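In: Make a model of this:
(chains A, B and C)
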Amino acid sequence: MSRQPYVRPVSKTTWYMRNGRYRKYMLREVTCLLVGVYCFLTIWVLATLASGSPESWNALLASQQTPVMIGFHAIALIYFLIYQSFDWFKLAPKAMPVQLGEHKLPDRYIIIAHYVAWAVVSLFVFWLAGVI
Amino acid sequence: MSMRQMELEVLRYDPEQDEEPRFQNYSVPCVDDWAILDALNYVKENIDTTLAYRWSCHMMVCGSCGMMVNGEPSLTCKTFIRDLPDHVRIEPLENFPIERDLVVVLDDVMEKLRMAKPFIIRKDPPPEDQEFTQSRAALYKFKQYTMCINCMCCYAACPQYALDSSFIGPAVLALAHRYNIDSRDQGKAERLNLLADHDGVWECSFVGACSEVCPKSVDPAAAVQQMKIDGAKEWWKQKLGGGKS
Amino acid sequence: MEKITADVVIVGAGGAGLRAAIAIAESDPQLDVALISKVYPMRSHTCAAEGGAAGVKGADDSLENHFNDTVSGGDWLCDQEVVEYFVNQAPRELVQLEHWGCPWSREDDGSVAVRPFGGMKKKRTWYAADKSGFHILHTLFQTSLQFPTIKRFDEYFALELLHKNGKCRGVVAMEMRSGRFFSFQAPVVIMATGGGGQSFPFTTNGAIKTGDGMAMAYRAGVPLKDMEFVQYHPTGLPGTGILLTEGCRGEGGILVNKDGRRYLQDYGMGPETPIGEPVLKTMELGPRDRLSQAFWHEQKKGNTVETPWGDCVLLDMRHLGEKKINERLPLVRELASSYVGHDPVTDLVPVRPVIHFMMGGIDSNINGETPMPGLYAIGETACSGLHGANRLGSNSLTDLLVSGKRSADRAAAYAKEAGKVVDDPVIDAQAEGVVTWVRELLQQQGGDESIARIRREMKSALEDGAGIYRDEEGTLKACLQIAELRERYGKIEVHDKSNVFNTDLQQALELRNLLDVAETVAEASLQRRESRGAHQRLDYTERDDENYLKHSLAFRQPDGRPRIDWLDVTITRSQPGVRDYSGGKSE
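Out: Reported below is the predicted structural model:
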């Protein structure tokens, strides 16, 4: 047959380098690695607590207080803030549109509501932790 | 109105002559209020009649003329040269096989359209001899999702579709959502059973590129996320209610 | 060549073709329907229609009103039994479309809304914002997807009708993607390929409106009726010809000349109505032929505005306000802003009459039947006598539905009676002949004519000779020019020799169809020596019911210009009267 549709190859490993939109998306998605790290950390903390051993607990604390780890936590927190949270909050109105008559509630109200909820929850956690 | 010389770099592919696609350059004298489609028409009429591409309405409503313009999925009748640099690269829509020059094979998406069951599904008969009553608010709810012109720019932008063409994709899912939230429809469960599935909404990782390139502001990304929520709700309803509806 | 047998072949998958396909699939699911279209159905030009579809709705309206508006709008060239049936069925079809999901705009109480439209005494135009045609097309296309008996052949270019002993036997088509030819054999072919507005230079019509079905029927010996009646839509964007719906004026938009004067009052459509409060059937809501003719006069007087795209008048919608424009005319706003750089919310928008619709077409009756048994025609392709000499806006979209349904019912009955086409070497040979012709066209070398140039000259010939106003000398010149262009067509070369999606060949074939259409437009314009509706002669300025209350029929001649014959118009209730669009009268 004279037809021969040509399929342009797509690289499974470098597709996201094609344009700025995709690169930004991957920066957001890469936060999943940090989420993984913090999951592991949480399990480690729980296991240490459950073991009931004050030496293990102090060792854990000490390991997280080295300059390198403090630096890591600082960067991870900021990265989370900027990419994970800001980005996801910006997208939240798409998943939960609020219709009022023949208009949609402007996105900014939904986004602000998310920040408010985040602040409230954070304050509660800090209170639980005895930080405030 | 003044003239402007544009340099077009256009992808060509004739399977009867070419092993693989190649680029061909055209220098086009354009009028400054032209759309890039007008430049292509100039090429076809005056320089090279063998150039193949789809177009028809030239008013952003038929969806024929979607192509990659400088790497961006665009409706070429709506992409004006006043917004473009002098050098423009024109390629067929990404993520579709190339049939010939700027014409892509759309069979996959055309087939998938059926999966959205894009028609009013009723369990009860409609009102006799008169229209359904539908408030303006109810119309507003699904209106934006009716605007899709099937230009397929969203599929060209979607990396999930690029990596795995079994993904049902933005336009088809948005169309299903359009019917799901139309107050006259009673087929939501039927559609969700089919589409709230691996190759359906759950293949979407909310890149959002589809909504960014959509020339009609349909916002298919929003439709898909809303369908994820609807899908989850429906799943629980069926689990707790016992059996499929 | 592959042979495909079906019970019904439908050529064209726009509003009419889809409606017909659905009608057959619903009522006769045992019939095989082959739906052939040279583009994917959602690209059909139905999508570009904006304003709406007319059907009696309000308690203060009546079928009688719709009937009278249509017949007088058509300058009494309408076949009245067709109009009666049409107005009767219109509301039912529009409700059916609503049941199928069409997103009609709504009143506050949730019922379907109607808007005022040109030439209509009452508001009866159902609309979906300003994308009515788009929504109608998509509703029909999506609804059609649930019927497995509709087999679609997308991007198949229909080339010629197959017929034997004067009876229809199918069509030959070329699959665009492969260049392969297919012989679709069926006792019934329904032509739904739209009009041929691309034969003119300034048109709202998309690239695909090349009169393919009209030309195929014409070449098969079926006459084209009333071809001289081509409609100029008064408000197209200059340059591109993009349509700005009549709905702009229905919502209250006004037309002014370079002095800011609402000039329509000088042409029998006054007195001036208050701005923003249009009165039905007068001033800006007069019929399209009168409005376009007024432009022509204003241009002669030097009252039009000079723009980079030529002479225009100005459409003023500023008084509608941003809210109303965004709600009812959002596409219009986007089009005017993008293509001519004027936002109707704040600016005046330059507009001019552009070719929009062909009232003429394949000679058909109330059932869509043509003189060839088995061949039906619906939608813009057909001339059923509904629109007469001038179509009222919003009657056409409804006609897609009414004619689509009615013809489908008749066609299905005929197909069941006739049975599938059995193997016939005569028909096979006919099909082979078509293929040979196309192959020869493709292979012919050394031609010095360009498709684009012949097309341009044809368009100029028609615009000059068969435009808004015509005369003997001008129309004759157009006839001769087109005859010459047909000769020169023989010397074109199709440079693209590929079998795969050959758009060069497609344009050559479409040009042949356009030339067929163009020669009938020119000839009929020459031979109708009166003025009626959209056909206005400078040398015969009055309507002549005694000699011309007839339809023109253009028959193809093997060598030379078409032969024109005449057919009486069917008058049932409404005797020819005066078309009065001045305010303060009763009709």
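
In: The chain: strands as residue ranges?
Out: The chain I'm using is chain A. A:99-100, A:103-104 (DSSP state E).

In: let's do chain B instead
Out: According to DSSP E, the strands that chain B contains are B:3-12, B:22-31, B:66-69, B:72-75, B:87-91, B:98-100, B:103-104.

In: and what of the stretch 351-500 of chain C?
Out: Secondary structure of the stretch 351-500 of chain C by DSSP state E, counting those that start in this stretch: the strands cover C:361-363, C:375-377, C:382-383, C:469-470.

In: Any chance of these in a markdown table with mean neighbour count as columns?
Out: For every residue, glycine as well, the C-beta is placed using N, CA and C. Below are the strands of the stretch 351-500 of chain C laid out as a markdown table (neighbours: other C-beta atoms under 10 Å in any protein chain shown):
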| stretch | mean neighbour count |
| --- | --- |
| strand C:361-363 | 29 |
| strand C:375-377 | 31 |
| strand C:382-383 | 30 |
| strand C:469-470 | 21 |
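
In: Any idea which of these gets closest to chain B?
Out: Distances from chain B to each of these were compared using C-beta to the nearest C-beta; the shortest belongs to strand C:361-363, at 20.0 Å.

In: Tell me which strands the closest one pairs with, and in which orientation.
Out: Sheet pairing of strand C:361-363 (DSSP bridges) gives strand C:224-225 (antiparallel), strand C:382-383 (parallel).

In: quick one: buried residues of stretch B:160-179?
Out: Of the residues in stretch B:160-179, those scored as buried under the neighbour-count criterion (16 or more other C-beta atoms under 10 Å in any protein chain shown) are B:160-162, B:165, B:167-179.

In: just these that are near chain C?
Out: Applying C-beta under 8 Å from any C-beta of the partner chain to those, one finds that B:175, B:179 fall near chain C.

In: any idea how far chain B is from residue C:140?
Out: Spatial separation of residue C:140 from chain B under the definition C-beta to the nearest C-beta, to the nearest Å is 10 Å.

In: For the stretch 251-400 of chain C, give the residue positioned nearest to chain A.
Out: Counting by C-beta to the nearest C-beta, the stretch 251-400 of chain C gets nearest to chain A through residue C:327 (8.4 Å).

In: Go through the helix or strand hosting that residue and flag the buried ones.
Out: If you go by DSSP states H and E, residue C:327 is part of helix C:321-328. Using 16+ other C-beta under 10 Å as the test for burial, helix C:321-328 gives C:325, C:327-328.

In: Contacts only, for whatever residue of chain A ends up closest to chain C.
Out: Using C-beta to the nearest C-beta, the closest approach of chain A to chain C is made by residue A:2 at 4.4 Å. Listed by C-beta atoms under 8 Å, 6 or more residues apart in numbering or on different chains, the contact set of residue A:2 reads B:15-16, C:178-179, C:498-500.

In: coming back round to it: save the strands paired with strand C:361-363 as a markdown table, and put in mean pLDDT too.
Out: Listed next are the strands paired with strand C:361-363 as a markdown table, based on pLDDT from 0 to 100:
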| stretch | mean pLDDT |
| --- | --- |
| strand C:224-225 | 98 |
| strand C:382-383 | 98 |
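
In: Serialize the ones you listed to TSV and add fields for distance to residue C:360.
Out: As requested, these are exported to TSV (distance: least, C-beta to C-beta, whole Å):
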stretch	distance to residue C:360
strand C:224-225	6
strand C:382-383	5
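
In: coming back round to it: out of the strands of chain A, which gets nearest to chain B?
Out: Closest among those, using C-beta to the nearest C-beta: strand A:99-100, at 6.0 Å.

In: is that closest one up against chain C anywhere?
Out: No. Taking C-beta under 8 Å from any C-beta as the criterion, strand A:99-100 and chain C are apart, separated by no less than 15.4 Å.

In: elements contacting that strand?
Out: Contacts of strand A:99-100 with other secondary structure elements, assessed using 3 or more C-beta pairs under 8 Å, 6 or more residues apart in numbering or on different chains; DSSP states H and E, are made with helix B:136-143.

In: Would you check how far apart the residue most central in space within chain A and residue C:264 are?
Out: Nearest to the mean C-alpha position of chain A, counting by C-alpha atoms, centre = their mean, stands residue A:84 at 3.8 Å. When C-beta to C-beta, to the nearest Å is the yardstick, residue A:84 and residue C:264 sit 62 Å from each other.

In: Give me the number of neighbouring residues for the residue of the stretch 201-350 of chain C found nearest chain B.
Out: Of all residues in the stretch 201-350 of chain C, residue C:206 sits closest to chain B, at 3.9 Å by C-beta to the nearest C-beta. Burial of residue C:206 is recorded as 25 neighbouring residues (other C-beta atoms under 10 Å in any protein chain shown).

In: okay, how far is it across stretch C:201-214, tip to tip?
Out: In stretch C:201-214, first residue to last residue: 19 Å (C-alpha to C-alpha, to the nearest Å).

In: got the buried residues for it?
Out: Within stretch C:201-214, the residues that count as buried by 16+ other C-beta under 10 Å are C:201-214.

In: ok, now stretch A:105-112?
Out: For stretch A:105-112, the buried set under the neighbour-count rule, 16+ other C-beta under 10 Å, comprises A:107, A:110-111.

In: Chain B: which of the residues you listed is nearest?
Out: Within the buried residues of stretch A:105-112, the smallest distance to chain B is 10.5 Å, found for residue A:107 (C-beta to the nearest C-beta).

In: For residue C:285, see how far away residue B:145 is.
Out: Using C-beta to C-beta, residue B:145 is found at 33 Å from residue C:285.

In: same question, residue C:508
Out: In this structure, residue C:508 lies at 42 Å from residue C:285, with C-beta to C-beta as the measure.

In: now do residue C:539
Out: Residue C:539 sits 30 Å away from residue C:285 when distances are taken as C-beta to C-beta.

In: how does chain B divide into domains?
Out: For chain B, whose domains are defined here by automatic domain parsing, the residue ranges read B:3-104, B:107-241.

In: swap in chain A?
Out: For chain A, automatic domain parsing gives the domain ranges A:15-89, A:96-132.

In: Residue 45: neighbour count?
Out: This is for chain A. Other residues near residue A:45 come to 14 when the count uses other C-beta under 10 Å.

In: wrong one, I was asking about chain C
Out: Residue crowding around residue C:45 was assessed by other C-beta under 10 Å; the count is 27.
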